[in-house]
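Predicted model and sequence below, questions to follow.
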Amino acid sequence: MEIYKPGFSFCQQDSTILHQIMNYFQVVFEQIENEFKCNIDQIRYPVLMLLDLIEKEDYVQKQQHDINNSIPNSQHKIYLWEQMKETCLQIILERKNQLEFEMNQQIKQKEKIWTILQGTFEEKQGSKILIGPTLVGLKHGNYYYKNKDGSNEIAGEMYLNYQTNFWVQEGRYIQLYRQFRINFGVILKIGQIQYVNDGEIIRNDRIDYLKDNSQILTQLDQIKDLKWQGSYGQNGKKIGKWNVSLENQLINAGGNYQNDGLKIGNWIDLYQDYTKFSKAYLIGQYKEGRKYGRWKAISEKLTIGGGNYDEKGQKNGYWEDIVENYLGLNYLSFQGQYNSGRKSGCWQAIYNKKKKIILGRYDDNGLKVGQWVVLHKFFNPSCRVLSFGQYNNGKKFGQWIIQQTKKKIGGGMYNDEGKKVGQWKELSPNFQLEFQVFYAGLYEKGIRQGEWKIYYQDRLIGGGNYDQNGMKQGFWKDAHQNFSYRIQVIYQGEYSNGWKQGRWDIMFDDKVIGGGDYNQGIRQGKWVDIDCKYADYYQVLCAGEYLNGFKIGQWDTIFQEVVIGGGKYEDGIKNGKWIVQDQQWNQHKQLFQEINFQNGVQQYSN
């Protein structure tokens, strides 16, 4: 079924289809009630309201089109709405067909019918699982993340199958060639994404509407400093020549887009984590938006990797892939063969240009098999962490050992299904030279159970208990996500089914320095928080109030129990005059700036 029509026309057929769907569900809900002798208003009303919402949104977009049809950005938003609507109608029609099939069965299964109408969506995103409700197959409502460590946290809102409004995003930034973890926010609207760091909007991009989070940048240095410049066509797609600048200085990268928004011809792409600390480029050609032919990876004018793409844009033949977390500290690369985009045969790693590590073998399906050596994601000369063990059809099994500079520092057992079992000692997600945090405890069929302990090097710093579902329960001491010798911060409080609940304290050197209350994982009321740069040499606190997880009203910046700055938030966004520390601020050289914010954006005087 073709929904989108060129020229952003709102076709009558869409409205007709939508009304037919609404009428069908009205009838089938009555049939379900008669069949199962039950009241289904808890499903009926949300589904009908969802369908009504699509119709109302369509009307709003049509009105905007009639008023602003000569404004390119308005046309781009309307084009994106047509894409959203097409996706929504296709998913709903698929569910309608499934429902018709189940209702025509001689023996109707209530559970299957309920699941078609109202279900739960789960998707693995990195180390987290995104979870939330669905209505007739559409993701719609409030979503949360289930973290690998057994805790939950609010993620954001889905609207008609797409992310919207404020979302919590996990990211990274680089300091002295170390990777730090940080959480920031993104505000999503049709055709627009804003990046928010502590109430300040640090980037505003025009985007195609998000079907997933692959378009969201996660490297904070890149979000702040890297900017693309070029033109958009009437369809909202990038066209012509596009250039890129770093810290307002044009760099030799970029290329051309066709009128349909696909890359074409010679391109200098930026490595995915390109920053001033990791200046790596990918150079080659595009054909109809696909890479083809010979591509090279370049850093500091040296070739550090590359290989060939076939006509389908798939890697083929011998390749040298550069490491995901490349920082320029070492030329770490992976060498081996690709077959139609799949890794094949034996692969090896090369670091410091000459040192070789035999990794293991891939079968014809691109699955790891046999004995393997796996490099830690932050492997470098000062963090030489390796894991040793066996793969069977792409799944780990048996004993696995984690070593650093040939010394065992962790490991445990996998069962035949590739799930962790028995006693384990694991590395924290940000394990690096200075961030040597470990987790130790029991797994049953891949689920953490009972008491777990958290160590910094060999020193016990925290821990708590898991329930039978692998969720944190009761009193816990959690380590700061960048816990190190300089950042010895602990959070302690109660979990209820994985959600932080009630009073939580922030500890530094075993002293309470801040804290506040949670309600089902959401911060509420008065809080004393630590600055995002908090360390033993930067003991700066922030004090103010939260409402439903967002900072509101006056917040003060505090150093050595003295208010040294601050300003006001409105729904988590900075507004008005703020007194902030200069980038060169330290406890011996206390420099400040006065900055005016308007809806989160810094205002500069002419």
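Thanks, I have it.

Would you map out the domains in this structure?
12-117, 262-366, 539-606 (automatic domain parsing).

Report the helix or strand with the lowest average pLDDT across this protein.
helix 41-68 (a mean of 80; mean pLDDT, DSSP states H and E).

tell me which strands and helices that one is in contact with?
Helices and strands touching helix 41-68, by 3 or more CB pairs under 8 Å, 6 or more residues apart in numbering; DSSP states H and E, are helix 12-36, helix 72-103, helix 110-117, strand 118-125, strand 128-135. Heads up, the C-betas are built off the backbone N, CA and C, glycines and all.

how about those in TSV, adding mean neighbour count, mean pLDDT and distance to Asn316?
Shown next, in TSV, are the helices and strands packed on helix 41-68 (neighbours: other CB atoms under 10 Å; pLDDT from 0 to 100; distance: least, CB to CB, whole Å):
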stretch	mean neighbour count	mean pLDDT	distance to Asn316
helix 12-36	14	85	42
helix 72-103	18	85	32
helix 110-117	16	89	42
strand 118-125	13	92	28
strand 128-135	18	95	33
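
Could you check how far the least confident helix or strand of the chain is from the centre of its chain?
29 Å (CA atoms, centre = their mean, to the nearest Å).

Measure how it sits relative to strand 128-135, angle-wise.
Counting by axes from the mean of the first three to the mean of the last three CA atoms, to 10 degrees, helix 41-68 lies at 90 degrees to strand 128-135.

Tell me what angle helix 41-68 forms with helix 110-117.
Using the same axes, to 10 degrees: helix 41-68 against helix 110-117 is 20 degrees.

What segments of the stretch 201-350 of the chain are strands?
226-232, 238-246, 249-257, 263-270, 280-287, 290-299, 302-309, 315-322, 333-339, 342-351 (DSSP state E, counting those that start in this stretch).

Can you say which of those strands is nearest to Leu53?
Closest to Leu53 of the strands of the stretch 201-350 of the chain is strand 226-232 (CB to CB; 28.6 Å).

ok, residues contacting the closest one?
When contacts are defined by CB atoms under 8 Å, 6 or more residues apart in numbering, strand 226-232 is touched by residues 72, 76, 206, 238-246, 248, 254, 257, 270, 274-275.

Please pick the buried ones from the residues you listed.
His76, Lys238, Ile239, Trp242, Val244, Leu246, Gly254, Tyr257, Leu270, Tyr274, Thr275 (16 or more other CB atoms under 10 Å).

how far out from the middle of the chain is stretch 467-486?
Using CA atoms, centre = their mean, the offset of stretch 467-486 from its chain centre is 20 Å.

For Gln603, name its beta-bridge partners.
Here Gln603 sits in beta bridges with Asn596, going by DSSP bridges.

Tell me which residues touch it, please.
Gln603 sits in contact with Ile595, Asn596, Phe597, where contact means CB under 8 Å, 6+ apart.

And for Tyr391?
Gly360, Leu367, Lys368, Val369, Gly370, Trp372, Phe397.

do the same with Gln587
So, once contact is read as CB under 8 Å, 6+ apart, Gln587 ends up touching Tyr537, Tyr538, Gln539, Phe559.

Tabulate the strands of the stretch 201-350 of the chain (JSON lines), appending mean pLDDT and distance to Trp167.
Output for those, formatted as JSON lines (pLDDT from 0 to 100; distance: least, CB to CB, whole Å):
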{"stretch": "strand 226-232", "mean pLDDT": "92", "distance to Trp167": "21"}
{"stretch": "strand 238-246", "mean pLDDT": "95", "distance to Trp167": "24"}
{"stretch": "strand 249-257", "mean pLDDT": "95", "distance to Trp167": "27"}
{"stretch": "strand 263-270", "mean pLDDT": "96", "distance to Trp167": "24"}
{"stretch": "strand 280-287", "mean pLDDT": "95", "distance to Trp167": "28"}
{"stretch": "strand 290-299", "mean pLDDT": "95", "distance to Trp167": "30"}
{"stretch": "strand 302-309", "mean pLDDT": "93", "distance to Trp167": "33"}
{"stretch": "strand 315-322", "mean pLDDT": "95", "distance to Trp167": "30"}
{"stretch": "strand 333-339", "mean pLDDT": "95", "distance to Trp167": "32"}
{"stretch": "strand 342-351", "mean pLDDT": "95", "distance to Trp167": "33"}
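
Among these, single out whichever gets nearest to Thr164.
strand 226-232 (21.9 Å).

strand partners of that closest one, parallel vs antiparallel please.
strand 238-246 (antiparallel).

report the longest strand in this protein, please.
Longest strand in the chain, counting residues (DSSP state E): strand 162-175.
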